[in-house]
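# Would you be able to build a 3D model of this:
(chains A and B)
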Amino acid sequence: MADVIQVEHLIKKYKTGQKNAVNDISFSVKAGEFFTLLGPNGAGKTTTISILNTTLSKTSGTLKVAGFDVDTQSADVRQSIGVIFQNQSLDLNLTAEENIRFHAVLYGLYPFRPTYGLMPDSYKKRVQELAQILDIQEKIFDQIKTFSGGMKRKLEIIRGLIHNPKVLFLDEPTTGLDPLSRQNLWEYLSEVRKELKTTIFLTTHYLEEAENADRVCIINHGQIVSLGSPEDLKKEFVEEYIVMDSLHRAQLMKELKSHHLRFEGEGPFTVHLDKKTVQQVIQFIKVNLTVVKVHSPSLEEAYVEVIKEDVAHT
Amino acid sequence: MKTINAILTIAGRDLIKLLRDRTRLLASLVFPFIFIGVLGTSLDSNLSENVGYNFLVFVFTGVIGQTLFQSTASGIISLIEDRENDFSQEMFVAPVSRYAIILGKIIGESLVALVQLVGILALGIVLRIPITASQFLAILPAVIVCCLFGGAFGTIVMANLSDQRKANQVFPFIIFPQFFLAGVFTPIQNLPLPLFWLSRISPMTYAVDLVRSAYFWGTPEYSKVVLYSPLFNLTVIGILFVLMLGAGTFLFVRNERNK
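Residues are numbered from 1 along each chain as shown, chains lettered A, B, ... in the order given. You can find the predicted model right below:
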């Protein structure tokens, strides 16, 4: 698949900054990919996303989004993307329908009309479809002040998709949402991905949200410190192990040693897999086990290890 | 066509917001009420005989120019706050030029200011300020010019302010002295030289004088009240409008991305 985002040697130094906020990073994102940019606060995530969505200028480097240069073809880039900001970008004084209408007109999908009644039938049909997806058919003409946080976020995403963008940028989209709203939102986004094949570019502090990403890019101090699939990152940075115990600990220890299995503790034992499968390790053990817990590393653990390693090197 | 639709959308949004915000609507009438109803009436009672014309009308026409100019200017400056919040973030990532955003905002804030004009005129009727149909028709284009001029002034101020805090601190210092330098409440025909120059470089002076020249056109008080001919005022306003809007938008667009 072709690259929908290309970033080469991007550097950004703010006028007031001492150091480069983004310091020579290069990566690409394939069309339809779910790409996640992770990093601590101040790592350069929002700076990168702002440069990609053309609201901030770069210091140097080459960036293309949907085949368009972010500097010389910024209007084409904007037409090809949708952006969900960290801060809410809905107008609370307007109704849900008005928020959608104003977005649609700004993106050139429909001509400006001061009221819903004057809009073309194709628009009205689209709005009713969207209202159905959001399950707000009865509230579509209400001011969105009364909507829940999760509902507002969902509305923003729906609005952001109305012009069929090739890339949807989500800058910490679930910050401040309760767990149920977050779950609903991700269910909806995964449906959108399946249906529209939209490329998702996400930044988040909730690592579990990045577990389903195709690739994760971790940046720290403006530089890429790791880039790969969540599975690759976990394998590289976090060990898989089994916690096991038996009423006959001496026998268990003997068996572990005899099969040259690396372990820690005197019971329960932490047995490192060292590239073996869980099945292989368990087969070596003949003594009755009272505890067997397989520890599958999470992306969060991998992320913490990556950042720790980077801090140790600097 | 797409740009025109975007400009109309941005302008329409400002008007809808005002009409839904009753508190803001009421608040926008408080200052004109204080200026015309309280200050104007008081000055009229004490000064009218000496100056030889209806002082309440003098203040009334001054406040119209000042309110519309200031309202549009401060509306434009609200873009600083807006771009960090609500729907305006959306505008800045939409495929719409920054010039169209500014123009849409100026038209929108002008419409907002013109809604306030209705309130001021109603106040004028209550205070029995004489206004004929021809005077009303004459001031109508003048007030539209005031609004657009205030918008251009707001753009150049906004372009040089990086955040809302700075805008809140600086804007009153730029706008309030103009109330007095522009002769909103008091005549400025005769001033000490330093004040004279300050008054003549104050953009609001020409907005206020344009409204007065439209209202007092053909009346015996014209020469006592009005500083310059409408043509002169329009020329100055036209030049300043182009300079402030052009430079302001250019700087705003540049500063917006080059952080």
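# CA atoms for contacts and neighbours, from now on please.
Will do.
# Residue 176: helix or strand, and which one exactly?
Defaulting to chain A. Using DSSP states H and E, A:G176 sits within no helix or strand.
# Actually, chain B is the one I wanted.
helix B:164-181.
# just checking, what packs against that helix?
Judged by 3 or more C-alpha pairs under 8 Å, 6 or more residues apart in numbering or on different chains; DSSP states H and E, helix B:164-181 is in contact with helix B:55-82, helix B:193-200, helix B:203-216.
# what about the chain, any weak spots by pLDDT?
Chain wasn't specified; assuming chain A. Low-confidence segments of chain A, defined by pLDDT under 70: A:314.
# my bad, the chain I had in mind was chain B
In chain B, residues with pLDDT under 70: B:40, B:47-49, B:51, B:83-87.
# which residues in it form helices?
Ranges of helices in chain B, per DSSP state H, are B:2-20, B:22-32, B:41-51, B:55-82, B:88-93, B:98-126, B:133-159, B:164-181, B:193-200, B:203-216, B:222-225, B:230-257.
# which helices and strands does the second one pack with?
I take that to be helix B:22-32. When contacts are defined as 3+ C-alpha pairs under 8 Å, 6+ apart, helix B:22-32 packs onto helix B:2-20, helix B:98-126.
# Tell me which residues of the shortest one come out buried.
By neighbour count with 16 or more other C-alpha atoms under 10 Å in any protein chain shown, helix B:2-20 contains the buried residues B:2-3, B:5-15, B:17-18.
# Show me what counts as buried in stretch A:199-210.
So, applying 16+ other C-alpha under 10 Å, buried residues of stretch A:199-210: A:199-205, A:207, A:209-210.
# Next one: B:L137 from A:E240, what distance?
Going from B:L137 to A:E240 by C-alpha to C-alpha, to the nearest Å gives 83 Å.
# Between the two, tell me which one has more neighbours.
Taking neighbours as other C-alpha atoms under 10 Å in any protein chain shown, B:L137 and A:E240 compare with A:E240 leading, 20 against 12.
# so that one makes contact with A:S298?
No: applying C-alpha atoms under 8 Å as the test, A:E240 and A:S298 come out as separate, 10.0 Å apart.
# Ok, which of the helices and strands packed on helix B:164-181 comes nearest chain A?
When the helices and strands packed on helix B:164-181 are compared by C-alpha to the nearest C-alpha, helix B:55-82 sits nearest chain A, at 9.7 Å.
# Skip the chain neighbours and tell me the closest residue to the closest residue to chain B within the stretch 151-300 of chain A.
At 9.2 Å from chain B, A:G160 is the closest residue in the stretch 151-300 of chain A, using C-alpha to the nearest C-alpha. The spatial neighbour of A:G160 that comes closest, neighbours along the chain excluded (C-alpha to C-alpha, 6 or more residues apart in numbering or on different chains), is A:G82 at 4.9 Å.
# Give me the neighbour count for that neighbour.
28.
# got the contact list for it?
A:160-161, A:165-169 (C-alpha atoms under 8 Å, 6 or more residues apart in numbering or on different chains).
# okay, these in TSV with neighbour count and secondary structure next?
Output for the contacts of A:G82, formatted as TSV (neighbours: other C-alpha atoms under 10 Å in any protein chain shown; DSSP: H, G, I helix; E, B strand; the rest coil):
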residue	neighbour count	secondary structure
A:G160	21	helix
A:L161	20	helix
A:P165	20	coil
A:K166	22	coil
A:V167	28	strand
A:L168	22	strand
A:F169	26	strand
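# any idea how far B:A133 is from chain A?
30 Å (C-alpha to the nearest C-alpha, to the nearest Å).
# Can you say which of the helices of chain B is packed in most?
Among those, helix B:203-216 has the highest mean neighbour count (mean count of other C-alpha atoms under 10 Å in any protein chain shown), at a mean of 27.
# between it and helix B:230-257, how many degrees?
Inter-element angle recorded for helix B:203-216 and helix B:230-257: 140 degrees (by axes from the mean of the first three to the mean of the last three C-alpha atoms, to 10 degrees).
# Taking helix B:164-181 as reference, get the angle to helix B:203-216.
Computed by the same axes, to 10 degrees, the angle separating helix B:203-216 from helix B:164-181 equals 50 degrees.
# how far out from the middle of the chain is helix B:203-216?
Centroid displacement of helix B:203-216 relative to its chain, using C-alpha atoms, centre = their mean, to the nearest Å, is 11 Å.
# rewinding a little: next, format the helices and strands packed on helix B:164-181 as a markdown table and append distance to B:F35.
Output for those, formatted as a markdown table (distance: least, C-alpha to C-alpha, whole Å):
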| stretch | distance to B:F35 |
| --- | --- |
| helix B:55-82 | 7 |
| helix B:193-200 | 20 |
| helix B:203-216 | 14 |
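# now the helices of chain B as a markdown table including distance to A:Y110?
Below are the helices of chain B laid out as a markdown table (distance: least, C-alpha to C-alpha, whole Å):
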| stretch | distance to A:Y110 |
| --- | --- |
| helix B:2-20 | 9 |
| helix B:22-32 | 30 |
| helix B:41-51 | 51 |
| helix B:55-82 | 24 |
| helix B:88-93 | 16 |
| helix B:98-126 | 17 |
| helix B:133-159 | 27 |
| helix B:164-181 | 33 |
| helix B:193-200 | 46 |
| helix B:203-216 | 37 |
| helix B:222-225 | 50 |
| helix B:230-257 | 26 |
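# Which residues of the stretch 51-200 of chain A lie near chain B?
Applying C-alpha under 8 Å from any C-alpha of the partner chain, we find that the stretch 51-200 of chain A lies next to chain B at A:53-57, A:74-79, A:83, A:87-94, A:102-103, A:105-108, A:111-112, A:114.
# In PyMOL, select just the buried ones from these.
Entered in PyMOL, the line below selects the buried ones among those, by 16+ other C-alpha under 10 Å:
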select buried, chain A and resi 53+54+55+56+57+74+75+76+77+78+79+83+88+89+90+91+92+93+94+102+103+105+106+107+108+111+112+114
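# Mind checking which of the residues of the stretch 51-200 of chain A next to chain B land in helices?
Checking those against DSSP H, those in helices are A:74-79, A:102-103, A:105-106.
# quick one: contacts for B:I101?
By C-alpha under 8 Å, 6+ apart, the contact list for B:I101 reads B:6-7, B:10, B:91.
# Out of those residues, which are close to chain A?
For chain A, the contacts drawn from those by C-alpha under 8 Å from any C-alpha are B:6, B:91.
# now the contacts of B:I101 in TSV, with distance to B:K259?
Formatted as TSV, the contacts of B:I101 follow (distance: C-alpha to C-alpha, whole Å):
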residue	distance to B:K259
B:A6	26
B:I7	26
B:I10	25
B:M91	19
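# What is the nearest of the contacts of B:I101 to chain A?
Within the contacts of B:I101, the smallest distance to chain A is 4.9 Å, found for B:A6 (C-alpha to the nearest C-alpha).
# Please name the nearest non-neighbouring residue to that closest one.
Nearest to B:A6 is A:L106, by C-alpha to C-alpha, 6+ apart, at 4.9 Å.
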